[in-house]
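# Give the three-dimensional model of this entry:
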Amino acid sequence: MTLEQLGWNPELEAAFEPFQVKGWVPARLIRETTINYGALIAGDEFQEIEVVLCGRVWHEAKSDADLPAVGDWVAVELGDENTDSVIRERLPRRSCFARKMPGNAAQAQVIGANVDIVAVVTDAGPDYNLRRMERYFALIERSGAKAVVLVNKADLFVAEQNEEAARQIAGLWDKAEVHVTSALNGEGLKVLQVYLQPGVTMCIVGSSGVGKSTLVNQLYGEEWQWTGEVNEATGKGRHTTTSRELVLLKGGGMLIDNPGMREIQMWTDETTLRESFADIEAIAARCKFADCSHRRDAGCAIRDAVEQNQLDENRYESFLSLEDEIAKLQRRAKKRQMAVERWAKRSHRVKARNLDDRIQLEKDERGEI
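Model (predicted):
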């Protein structure tokens, strides 16, 4: 088995070259806990090892998003029975799927690194939400990965409901590929196997209870994640994934299975938002004023389009909501940067004062004036 089957490529090979002479080995992170990581290294067959993060990598990270995450490639100094194997460097990412960290933190939370495909699992029933899907698409576009949507649990709903849900989701973004599936019955999963070629990493996301773990079980060929019965009232499974993990598939390819996401807050920028709502941006170009807020401004072409039923009002409200959220995120990030700069200046002053005190103490000890 080779590193290429884990997603290794010439770009990573070139980035790793300076570390190879130090005797370090390349590894891909498959699991993250509060104290260490699980990683795969190549040999006659893949070997899983536990690794810890060195202090330098930790301290040099500008934010938590810069720290190694599941899917990352790292340079590892191997230990022995008496010493830990240590992550010495994180190699450059070719893609990064992230959301805003839950809560008030103005930081990104990495869902999966070096991901080729993000598969969003939903259903045509209780989980169906076009506004949430728009958020997923904005994040996926920013990540650089390909978007695939699975309208899952098709066995629970009539065919017309499943097909209509798939049609509306596909209408949100022409770059997304949408499929109707039933993980429980194994229907439609051959479509995913076409994507999952050797070296390809797919990240599976979605709300709790939409069948992600069952989907992983079907693709993996055995009970990788334990799943329970479906709650008849909510349509949700009684067990969900509780930790993020990269899984190698016997038929080729890799999956990153994720805990159910209760909220999808934006971690993106204005440019990505504009691209995600290109249809609304085209209408906005006809607004009377360049600084139109698209709310109560006179001559707003977007409001006119809504009133004339040329633009869905829910999509218009989603556009305004996402724009407000990004503005709030930018304000939080600016405040955080100001706090970091103040801390750095204070730390510099303290270090300078300590240095002056040490120099004066040495002079006193030498009897100098």
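
# show me what contacts the closest residue to Gln47 other than its chain neighbours?
Of all residues not flanking Gln47 in the chain, Ile41 sits nearest, at 5.4 Å (Cβ to Cβ, 6 or more residues apart in numbering). In this view, the C-beta of every residue, glycine as well, is placed from N, C-alpha and C. By Cβ atoms under 8 Å, 6 or more residues apart in numbering, Ile41 lies in contact with Val25, Pro26, Ala27, Gln47, Ile49, Val76.

# Any figure for the gap between Asn9 and Pro26?
Asn9 is 11 Å from Pro26, where distance means Cβ to Cβ, to the nearest Å.

# bridging residues for Val25?
Val25 forms beta bridges with Val76, as assigned by DSSP bridges.

# what's the burial count for it?
Using other Cβ atoms under 10 Å, Val25 is surrounded by 19 other residues.

# That one touches Val76, doesn't it?
Yes. Using Cβ atoms under 8 Å, Val25 is in contact with Val76, at 5.4 Å.

# which is the next helix or strand following the lowest-mean-pLDDT helix or strand in the chain?
Across the helices and strands of the chain, mean confidence by mean pLDDT, DSSP states H and E is lowest for helix 270-276: a mean of 63. Using DSSP states H and E, the next helix or strand after helix 270-276 towards the C-terminus is helix 278-284.

# What helices and strands are in contact with the helix or strand following that next one?
Once helix 278-284 ends, the next helix or strand along the chain (criterion: DSSP H and E) is helix 301-307. Counting by 3 or more Cβ pairs under 8 Å, 6 or more residues apart in numbering; DSSP states H and E, the packing neighbours recorded for helix 301-307 are helix 278-284, helix 313-366.

# Pull out the CA atoms of the first one and give them to me as CSV.
Taking Å, rounded to 0.1, in the frame of the first residue of the first chain, the C-alpha atoms of helix 278-284 are listed here in CSV:
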residue,chain,number,x,y,z
ALA,A,278,-24.7,35.5,-8.3
ASP,A,279,-28.4,35.7,-9.4
ILE,A,280,-29.2,38.3,-6.8
GLU,A,281,-26.0,40.2,-7.5
ALA,A,282,-27.1,40.5,-11.2
ILE,A,283,-30.3,42.1,-10.0
ALA,A,284,-28.5,44.4,-7.6
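
# Give me the mean pLDDT for that helix.
Averaging pLDDT along helix 278-284 gives 84.

# for the last one, same thing?
The average pLDDT within helix 313-366 is 70.

# re the thing from before, so Asn9 and Pro26 - more neighbours on which side?
Pro26 (23 against 14).

# mind listing what the more buried one touches?
Counting by Cβ under 8 Å, 6+ apart, Pro26 has contacts Leu3, Trp8, Leu12, Phe16, Ile41, Ala42, Trp73, Val74, Ala75, Val76, Leu91.

# Same check on Pro198?
Contacts of Pro198 were listed using Cβ under 8 Å, 6+ apart, and they are Glu4, Gln5, Gly252, Gly253.

# could you dump those to TSV with secondary structure?
Below are the contacts of Pro198 laid out as TSV (DSSP: H, G, I helix; E, B strand; the rest coil):
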residue	secondary structure
Glu4	helix
Gln5	helix
Gly252	coil
Gly253	coil
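
# What subset of those is buried?
Taking 16 or more other Cβ atoms under 10 Å as the criterion, what is buried in the contacts of Pro198 is Gln5, Gly253.

# Please produce a markdown table containing the contacts of Pro198, extended by pLDDT.
Below are the contacts of Pro198 laid out as a markdown table (pLDDT from 0 to 100):
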| residue | pLDDT |
| --- | --- |
| Glu4 | 87 |
| Gln5 | 86 |
| Gly252 | 81 |
| Gly253 | 90 |
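
# ok, of the contacts of Pro198, which one's closest to Arg303?
Gly253 (46.3 Å; Cβ to Cβ).

# In stretch 277-286, which residues are buried?
For stretch 277-286, by 16+ other Cβ under 10 Å, it's Phe277, Ile280, Ile283, Ala284.

# Which residue ranges of the stretch 51-200 of the chain form strands?
Ranges of strands within the stretch 51-200 of the chain are 73-77, 85-90, 96-100, 108-113, 117-123, 146-152, 177-180, based on DSSP state E, counting those that start in this stretch.

# hey, where'd the helices end up in the stretch 151-300 of the chain?
According to DSSP state H, counting those that start in this stretch, the stretch 151-300 of the chain carries its helices in the segments 159-170, 189-195, 212-220, 270-276, 278-284.
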